[in-house]
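Participant: fold the following, please.
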Amino acid sequence: MPRILPFKAVRPTRDKVSLMASRSYESYSKEELEARLRDNPFSFLHIINPGFKYRKKISGKLRYGLVKNRYQEFREDGIFMQDEESSYYVYKIVNREGFSFHGIVGAADVDELNKDGIRKHEATLKDREAMFMEYLKTVGFNAEAVLLTYPDNEIINSIIQQQMNSRAEYEFTTTYRDTHYLWPISEKALVEKIKAAFEEIPAVYIADGHHRTASSILLAETTGALSQDEMNNSYRFFMSYLIPESELKIYQFNRMVKDLNGMDKEEFLIGLDTYFRIDNRGAEYYKPSKKHHFSMYLDGDFYSLYLRKDRYKMTNALDALDTEILYRTILKPLLGIEDARTEDRLAYSHGKKDLAHVQSMVDSGKFAVGFGMLPITVEELKAVADQGLVMPPKSTFIEPKLRSGVTIYEF
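Facilitator: Purely as a prediction, here's the structure:
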């Protein structure tokens, strides 16, 4: 029974929102970042990259303090405003491929992770949790919503559809060709209806943002928010964007490895034969069509790899994931990849780039072999989370990808 509450969002004025909204900082190339900071004084990138003002790269706690300063300057200059009433926010995204996502932005109670109302499927790194917790505590706001998904719900869907019949508070298209819409909901009756509808759902699932969630838990613990009587303590919550499971778009991450771990091609193929039926497809572009089928590109040829199910035991939801199968049958025993999070011989390419990208990277000589598979399904993601297990790194590339600076949650 997840507790999702309305909040008083800080957000850009209507005339500035298209200039303010930014992608994740890491997604920009150096040239793109320079151009946006130079040409757009209203970009949220100025807040999270405060060193641009001084033409100097700044990191650590000094950066955190300057981020807070830039944010306050935007507030003082009237670029941001804050809603007077606690609200939910219907948020719609139509991406450039034509996929539509409809959901609600709200504040999720971190204690629901302890109560199993919010479930995770990824492990997090303690140093990143601590670093981002310090960042949140210093700057005093959260500008990137965690993506949560919930079972399709008629009540929530009807409210979303009802709101979308009216004029949106925001409607803007980015240079990335995604169109964004926002409708605030502050009417008491609707607010209570949304809150009650989420409380009737057994659990929601983290789709994207595990480190942000873990940092929010750490922040709540550090500030004592979970032990205080006041249930509306702002440190107890994190900003979330909740969309129905039917709209979640999941792509796979393909794998590429720089060498064959000392083996020649024939030795490697013989090693694969233990767990897989192997067919050389030659120049034929092969993409898997079933679970536990894999594509491999090696030395100018595509191969199909079909798992020999009598040789591989599946005892839980994790065992059945193709990313786990690939790791346990090929990456670790044959290619010597012990830690898929840190191994610099291993690289990932998300499925939107498809196997043609993997082929080009292998043909370039940067990698010796590449592997492709089908995306993980929502049902598989939920099964892993329900069993309290965690997926291998880079098991999912999930959309929608949210913009920073459209709604902001202040502590």
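Participant: give the helix, strand or coil label for Glu380.
Facilitator: Assigned by DSSP: H, G, I helix; E, B strand; the rest coil, the conformation of Glu380 is helix.
Participant: what residues are up against it?
Facilitator: Ala317, Ala320, Leu321 (CB atoms under 8 Å, 6 or more residues apart in numbering). Every residue, glycine included, has its C-beta placed from N, CA and C.
Participant: in contact with the last one, which residues?
Facilitator: By CB under 8 Å, 6+ apart, the contact set of Leu321 is Ile376, Glu380, Val384, Met391, Pro392, Ser395.
Participant: now that Val10 has come up, it's in contact with Glu84, right?
Facilitator: No - taking CB atoms under 8 Å as the contact criterion, Val10 and Glu84 are not neighbours in contact, 11.8 Å apart.
Participant: about what we covered before: could you export the contacts of Glu380 to JSON lines, including columns for secondary structure and distance to Leu331?
Facilitator: Output for these, formatted as JSON lines (DSSP: H, G, I helix; E, B strand; the rest coil; distance: CB to CB, whole Å):
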{"residue": "Ala317", "secondary structure": "coil", "distance to Leu331": "20"}
{"residue": "Ala320", "secondary structure": "coil", "distance to Leu331": "17"}
{"residue": "Leu321", "secondary structure": "coil", "distance to Leu331": "13"}
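Participant: buried residues in stretch 391-409?
Facilitator: Neighbour-count burial for stretch 391-409, counted by 16 or more other CB atoms under 10 Å, picks out 391-409.
Participant: in strands only, show me the residues you listed.
Facilitator: Among those, the members found in strands (DSSP state E) are Phe397, Ile398, Glu399, Tyr409.
Participant: my guess is the third one contacts Ile243. True?
Facilitator: Spelled out, it's Glu399. No - the pair formed by Glu399 and Ile243 falls short of the contact definition of CB under 8 Å, at 10.0 Å.
Participant: buried stuff in stretch 9-27?
Facilitator: Using 16+ other CB under 10 Å as the test for burial, stretch 9-27 gives Ala9, Val10, Arg11, Pro12, Lys16, Val17, Ser18, Leu19, Met20, Ala21, Ser22, Arg23.
Participant: residues contacting the last one?
Facilitator: Same thing as Arg23. Tyr176, Lys401, Arg403, Ser404.
Participant: I'd like to know how far it sits from Ser404.
Facilitator: Counting by CB to CB, to the nearest Å, the separation of Arg23 from Ser404 is 8 Å.
Participant: also the fourth one?
Facilitator: Distance check for Pro12 against Ser404: by CB to CB, it reads 11 Å.
Participant: which neighbours do those two share?
Facilitator: The contact lists of Pro12 and Ser404 share Ala21, where a contact means CB under 8 Å, 6+ apart.
Participant: out of the contacts of Glu380, who's nearest Tyr286?
Facilitator: Set against Tyr286, the nearest of the contacts of Glu380 by CB to CB is Leu321 (20.9 Å).
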